[in-house]
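> below are the sequence and a predicted model; questions follow.
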Amino acid sequence: MDRKYQIVLWGASGFTGKLVCEYLHEKYGGTDLRWAVAGRNKKRLEDLKRELGCPGVPVLLADSFRKDLLVEMASQTEVVISTVGPYALYGSTLIEACIESGTDYCDLSGEVHWMREMIDRWQEKAVRSGVRVVHCCGFDSIPSDLGVLYMQKKAVEKTGQPFKNISMRVRSAKGGLSGGTFASMFNIREEAEKNREIYKVIMRRYSLNPDPEWDGPDARDLKKVEYDKVAKSWVSPFIMATINTRIVRRSHALSDFPYGRDFTYDEAIWCGPGWRGKLRGWMYILPLGIVRAAKPGSLLYKILQYFIPKPGQGPSREKIEKGYFKLYFFGTDRNGKHWKGSLSGKRDPGYGATARMLAESAVCLALDREETPRAAGFLTPATAMGFTLIDRLEENAEISFKFEGSVQEISNS
C-alpha cells in the first residue's frame with residue numbers, strides 16, 4: 001500500500017492510548033515505521049508528544065461521530081489502532097470508515113454484542129475490500145487465542161493430532177483496572193437492561209462464530225467453584241472467559257474446524273488444592289457477584305461509582321511495571337492423556353502488557369503481510385496474524401510461550 005502512514009493510533013491521549021504511544025516511540029521511534037497519533041483534541045495530543053519526548057510524530061484530528069473526518073484519517077494509513085471505548089458507543093463509525101477506506105483495523109474491544117453487530121453489518125464488504133478487522137488484541141483475547149494455536153501445534157508434533165480439549169487456567173496475575181474498563185462493563189449492563197437480546201448474544205456459547213446459530217459440544221462458562229482433576233486444583237469463574245472462549249471458537253470455525261468439530265475450550269481461575277484453594281475460589285467469586293448485582297440505577301450501582309476509577313484513570317506507573325501474569329493450558333489428546341503448557345508475561349496484564357500486544361498486532365498487520373494468512377474480513381488474532389504475532393510477542397513484548405510436557409511426567413519429576 002502506498003500511504004503516508006503505516007499506523008495511526010486513534011485515541012492516543014487516553015490512558016491505554018498513551019501506553020501504546022509510549023511503546024511505539026520507544027520500540028519503533030528510531031526505525032522506518034511511519035506512524036502518527038490521532039484524536040479530537042489537538043492540545044492533548046501535543047502535550048502527550050512533549051511528555052513522551054516524540055515531538056516529530058504527526059498529529060491527525062477527527063471525531064468519533066464524523067464519518068467524513070474518520071475516512072480522511074483512515075485513508076492516510078495502512079492500519080488504524082483504536083483505544084477509544086466503550087466501542088459500542090464510539091467505535092462503529094470508525095469500523096465503517098476503515099472498511100470504506102480499505103484500511104486494516106485492530107482494537108481492544110471485549111464487547112461481544114457489539115462485535116457481533118459489526119460482523120453482521122460489515123463482514124461481506126470487509127471481505128470484498130480486502131480489509132482485516134481484528135478485535136480483542138489485548139489481554140482479552142490474545143493469550144487465549146494464541147495460546148490455543150501454540151498448544152495445538154505442539155499437540156500435532158508430540159502426538160500426531162490436535163488435542164480434543166484445551167482448558168486455560170489463570171495461574172496468577174497482578175494488575176489493576178482503569179476507568180475505561182469499568183465504563184465498558186457498565187455500558188454493556190445498561191444496554192442489556194434496555195435490550196434483553198444483548199444478554200442472549202453475550203451468553204450464547206458460539207455468539208462470534210461465522211454462523212452464530214451453530215451449536216457444538218462446548219459447555220457454558222463456569223459459574224461456580226469446582227475441583228479440576230487435571231489441574232489438581234480448585235477453579236473459579238474467570239470474568240473474561242465470556243469474551244475469550246468466543247474468540248477461540250471463532251478462530252476454530254474460521255479455520256474450518258482443524259481440531260475436529262468435537263473440540264472444546266474453557267477457562268477458569270486456578271485457585272490451588274485443599275481447603276485453602278476452595279476458599280480462594282469463593283473469594284474470587286465475591287467481586288463478580290457484586291458487579292452482577294449492581295444493576296444500572298440501583299443503590300449498589302451508585303455506591304460503586306464512588307470507588308471505581310473514572311474514565312482516563314488507571315493503575316500507577318509502579319503498579320503497571322510490577323504487574324505480571326501466568327496462564328496454564330491443559331490439553332487432552334485423543335487417548336485421554338493430559339499435557340501442559342504455559343504462557344507468561346511481564347507488566348500489568350490489562351494495561352502494560354496489553355499496550356504491547358496491541359502495538360505489536362498493528363505492526364504485524366502493517367509490516368508482515370507476506371508472512372501472515374492471506375485472509376480478509378472480521379478475523380481474530382490467531383487467524384489474522386498467527387505464529388508471526390507469537391514470534392513478535394516473544395521477541396519484543398516479554399511474553400513467553402512454553403510447552404512443558406505430559407501432566408503425569410511433570411507430576412512424577
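That came through fine. Just so it is clear, the structure is predicted and the values come from calculations on it, not from any experiment. Residues are numbered from 1 along each chain as shown.
> after the lowest-mean-pLDDT helix or strand in the chain comes which helix or strand?
Counting by mean pLDDT, DSSP states H and E, the chain has its least confident helix or strand at helix 179-194, which shows a mean of 74. Counting by DSSP states H and E, the element after helix 179-194 in chain order, helix or strand, is helix 196-203.
> now do that following helix against helix 179-194, angle only.
130 degrees (axes from the mean of the first three to the mean of the last three Cα atoms, to 10 degrees).
> contacts only, for residue 90.
By Cβ atoms under 8 Å, 6 or more residues apart in numbering, the residues touching residue 90 are 64, 84. C-betas here are computed from N, CA, C, even on glycine.
> any idea how far it lies from residue 116?
Here the criterion is Cβ to Cβ, to the nearest Å. By it, residue 90 lies 17 Å from residue 116.
> repeat that for residue 392.
28 Å.
> with residue 370 instead?
31 Å.
> before we move on, what about residue 306?
If you go by Cβ to Cβ, the gap between residue 306 and residue 116 works out to 33 Å.
> tell me which of those two has more neighbours.
residue 116 (20 against 6; other Cβ atoms under 10 Å).
> for that one, what are its contacts?
201, 207, 208, 212.
> shouldn't the first one be in contact with residue 207?
Yes. Shown here, residue 201 and residue 207 form a contact pair, counting by Cβ atoms under 8 Å, at 5.1 Å.
> between the two, which contacts overlap?
112, 116.
> ok so, going back, elements contacting the least confident helix or strand of the chain?
Using 3 or more Cβ pairs under 8 Å, 6 or more residues apart in numbering; DSSP states H and E, the elements in contact with helix 179-194 are helix 15-28, helix 87-90, helix 112-129, helix 196-203.
> ranking the ones you listed by burial, who's on top?
helix 15-28 (a mean of 22; mean count of other Cβ atoms under 10 Å).
> quick one, helices of the stretch 1-150 of the chain?
With DSSP state H, counting those that start in this stretch as the criterion, the stretch 1-150 of the chain has helices at 15-28, 42-52, 67-74, 87-90, 92-101, 112-129, 142-159.
> any chance of those helices in JSON lines with distance to residue 321 and mean pLDDT as columns?
Output for those, formatted as JSON lines (distance: least, Cβ to Cβ, whole Å; pLDDT from 0 to 100):
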{"stretch": "helix 15-28", "distance to residue 321": "11", "mean pLDDT": "96"}
{"stretch": "helix 42-52", "distance to residue 321": "16", "mean pLDDT": "96"}
{"stretch": "helix 67-74", "distance to residue 321": "32", "mean pLDDT": "98"}
{"stretch": "helix 87-90", "distance to residue 321": "27", "mean pLDDT": "93"}
{"stretch": "helix 92-101", "distance to residue 321": "31", "mean pLDDT": "98"}
{"stretch": "helix 112-129", "distance to residue 321": "31", "mean pLDDT": "97"}
{"stretch": "helix 142-159", "distance to residue 321": "19", "mean pLDDT": "98"}
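> for residue 37, what are its contacts?
Counting by Cβ under 8 Å, 6+ apart, residue 37 has contacts 8-9, 12-13, 17, 21, 45, 48-49, 57-60.
> could you give the bridge partners of it?
Beta-bridge pairing for residue 37 (DSSP bridges): residue 9, residue 59.
> so how far is residue 134 from it?
For residue 37 relative to residue 134 (Cβ to Cβ), the value is 20 Å.
> same question for residue 377.
Distance from residue 377 to residue 134, by Cβ to Cβ: 10 Å.
> in JSON lines: the contacts of residue 37, plus distance to residue 185.
Converted to JSON lines, the contacts of residue 37 look like this (distance: Cβ to Cβ, whole Å):
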{"residue": "8", "distance to residue 185": "27"}
{"residue": "9", "distance to residue 185": "24"}
{"residue": "12", "distance to residue 185": "23"}
{"residue": "13", "distance to residue 185": "22"}
{"residue": "17", "distance to residue 185": "19"}
{"residue": "21", "distance to residue 185": "24"}
{"residue": "45", "distance to residue 185": "27"}
{"residue": "48", "distance to residue 185": "26"}
{"residue": "49", "distance to residue 185": "31"}
{"residue": "57", "distance to residue 185": "32"}
{"residue": "58", "distance to residue 185": "34"}
{"residue": "59", "distance to residue 185": "31"}
{"residue": "60", "distance to residue 185": "29"}
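> between these, which is nearest residue 298?
residue 17 (31.6 Å; Cβ to Cβ).
> that closest one against residue 23, yeah?
No. Contact status for residue 17 versus residue 23: not in contact, 10.8 Å apart, counting by Cβ under 8 Å.
> who's in contact with residue 356?
23, 347, 393, 396, 397, 398, 399.
> distance-wise, check it relative to residue 84.
19 Å.
> in the lengthiest helix in the chain, which residues are buried?
Ranked by number of residues, the top helix in the chain under DSSP state H is helix 274-293. For helix 274-293, burial by neighbour count (16 or more other Cβ atoms under 10 Å) applies to 277, 278, 280, 281, 284, 285, 291.
> distance of the third one from residue 239?
In this structure, residue 280 and residue 239 are 16 Å apart, going by Cβ to Cβ.
> quick check, distance from the longest helix of the chain to the centre of its chain.
Put simply, helix 274-293 sits 24 Å off its chain's centre (Cα atoms, centre = their mean, to the nearest Å).
> same deal with stretch 401-413?
27 Å.
> for stretch 385-396, same thing?
On Cα atoms, centre = their mean, the centre of stretch 385-396 falls 15 Å from the chain's centre.
> ok, now stretch 365-374?
19 Å.
> what mean pLDDT does that stretch get?
In this model, stretch 365-374 has a mean pLDDT of 91.
> how long is it end to end?
11 Å (Cα to Cα, to the nearest Å).
> with stretch 73-91 instead?
Across stretch 73-91, first to last residue, Cα to Cα, it's 14 Å.
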